[in-house]
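1. Next one to model:
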Amino acid sequence: MKPINYFQPTEIRFGCGRINELGDVVKRFGIKCLIVTTPEFPEIAPLYAKVKKLLTESGIKWDHFDQVQPNPTTENISAGAQTARELGAEVVLGLGGGSSMDSAKAIAVEAKHQGTAWDYLFFKNQPTEKTLPIISVSTTSGTGSHVTQVAVVTETATRTKSAIYNSIVFPKVSIVDPELMLTVPEHVTASTGWDVFCHAFESCIHANTNPYIHLMGMEAIRLVIKNLPNLVNDLKNIDARTEMALADTFAGLCIANAGVTLPHGIGMAIGGMYPHIAHGETLALVYPAFSRFTWPAAVKEFAALGRAFNPAFKEVPDEVAAEKSCEEIDMFLKKIGMWMSLKDKGMPENEIPKLAEASMVLPDYKSNPRVATKNEMLEIIKQSYQR
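-> Numbering: from 1, shown residues only. Got it, this is the predicted structure:
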């Protein structure tokens, strides 16, 4: 067995009703708090009001930056950082899905450093201890951002999506309250839930995986398979919401210590070039081609996946179970309403070569069990263009 490393500094408070602890949690880190969210809409308005009430009752002065957008941009982050400076923020609260939590992390960096968040990507300058402490409250089960050291940002001018990756942006405390997820609509539930699956599985096949990550990753996969199809048909099922929130947390812990592979590298490129495509959708677009490309190089892991989907595969050889897992993935995507193509999402066919090139910018693809060449990457994108 190879040596094992595992690091997780975030205090996780998981369970129904845990949002009521927010005031006491935030106050540990400061009395001036910037709340970072998407714009208010009717379903989320009561939660925003409750959060503000909890903070006020705890003696915390707050301001609300509510201009986060899906696939948050550098302009978003700079506007939020300016609001944080004007408040004199001592702590940043990311309230929402992955975009809000990632934005909170990037704002916490930019508010206390020279330049912009884009200057502190994983391959550039690294943020320092001056970064504001971050509290996360997740309202979806998908991105794992509440327990990771990653903040994804898009630079609109270059149509590029990249990330801050540094342990300084691990949230200090994460509140995971499944009751906050009961208002998430069907497609968002499916899209973010599929992201959980992808985080878990890609961590299991990643070059940096280990038995602990594999244990959590496979349990997250089983939870998604069990709960997500039922949840998209019964959005108020609190038991399924709870188990999906747990799966999301497990998968987030996995990617924080292993990472993601080929699909996420392509997905980031898709999100950078076509910001209207949600992150979970980008992964659904490429998984059929990815699975067929990769399974021969990771037979054991794909066989375990196939058997998680279909226990009957326990009776067949690993190679058969591994290959059959690709069909199971297809059927699962159809079951949750995530069977789609790049053409369906409005991508111009003439940009296939450009997307293939962009998919090899981030290093994620290099951690895949089978590393794609330029021609192979182009073929994967072609296969993903039309079903």
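
2. Now do the domain split for this structure, please.
-> What the record gives for the chain is the domain set 11-181, 186-385, from automatic domain parsing.

3. so how many other residues sit close to M360?
-> Other residues within reach of M360, judged by other Cβ atoms under 10 Å, total 18. (Glycine included, C-beta is placed from N, CA and C.)

4. Equivalent analysis for the one 3 residues further on, please.
-> For P363, the neighbour count with other Cβ under 10 Å is 11.

5. in what helix or strand does the closest residue in space to Y120 that isn't next to it in sequence lie?
-> Using Cβ to Cβ, 6 or more residues apart in numbering and skipping residues adjacent in sequence, the residue nearest Y120 is P127, 4.9 Å away. Secondary structure assigned from DSSP states H and E places P127 in neither a helix nor a strand.

6. Do I have it right that P127 meets F170?
-> No - between P127 and F170 there is no contact under Cβ atoms under 8 Å: 11.6 Å.

7. And the residue lying closest to K2 once chain neighbours are set aside, its phi and psi?
-> Of all residues not flanking K2 in the chain, N210 sits nearest, at 7.1 Å (Cβ to Cβ, 6+ apart). The phi/psi pair for N210 (degrees, to the nearest 10) reads phi -150, psi 170.

8. Make sure A207 is indeed in a helix.
-> No - according to DSSP: H, G, I helix; E, B strand; the rest coil, A207 belongs to no helix; its state is coil.

9. in the protein, which spans are helices?
-> 22-27, 45-57, 74-87, 98-110, 186-205, 211-233, 238-257, 262-273, 279-294, 299-309, 318-335, 352-358, 374-385 (DSSP state H).

10. Could you single out the most deeply buried of those helices?
-> Stretch with highest mean neighbour count among the helices of the chain: helix 98-110 (a mean of 31; mean count of other Cβ atoms under 10 Å).

11. Find the nearest non-adjacent residue to the spatially most central residue of the chain, please.
-> For the chain, the residue nearest the mean C-alpha position is T143 (2.2 Å; Cα atoms, centre = their mean). Closest residue to T143 apart from its sequence neighbours, by Cβ to Cβ, 6+ apart: G98 at 2.9 Å.

12. Check what pLDDT the one you found gets.
-> G98 carries a pLDDT value of 96.

13. Likewise for P70?
-> 88.

14. which residues touch it?
-> Applying Cβ atoms under 8 Å, 6 or more residues apart in numbering to P70 gives the contacts T38, S99, P275, A278.

15. circling back to that earlier point, was I right about the residue nearest to the centre of the chain contacting G94?
-> No - with contacts counted by Cβ under 8 Å, T143 stays clear of G94, the gap being 10.8 Å.

16. For the two, list the residues in contact with both.
-> M101, D102.

17. do you know how far I175 is from V26?
-> From I175 over to V26 the distance is 10 Å, taken as Cβ to Cβ, to the nearest Å.

18. ok, the nearest residue to V26 once chain neighbours are set aside to L182 distance?
-> Excluding its sequence neighbours, the residue lying closest to V26 (Cβ to Cβ, 6+ apart) is C33, at 5.3 Å. Computed as Cβ to Cβ, the C33 to L182 distance reads 25 Å.
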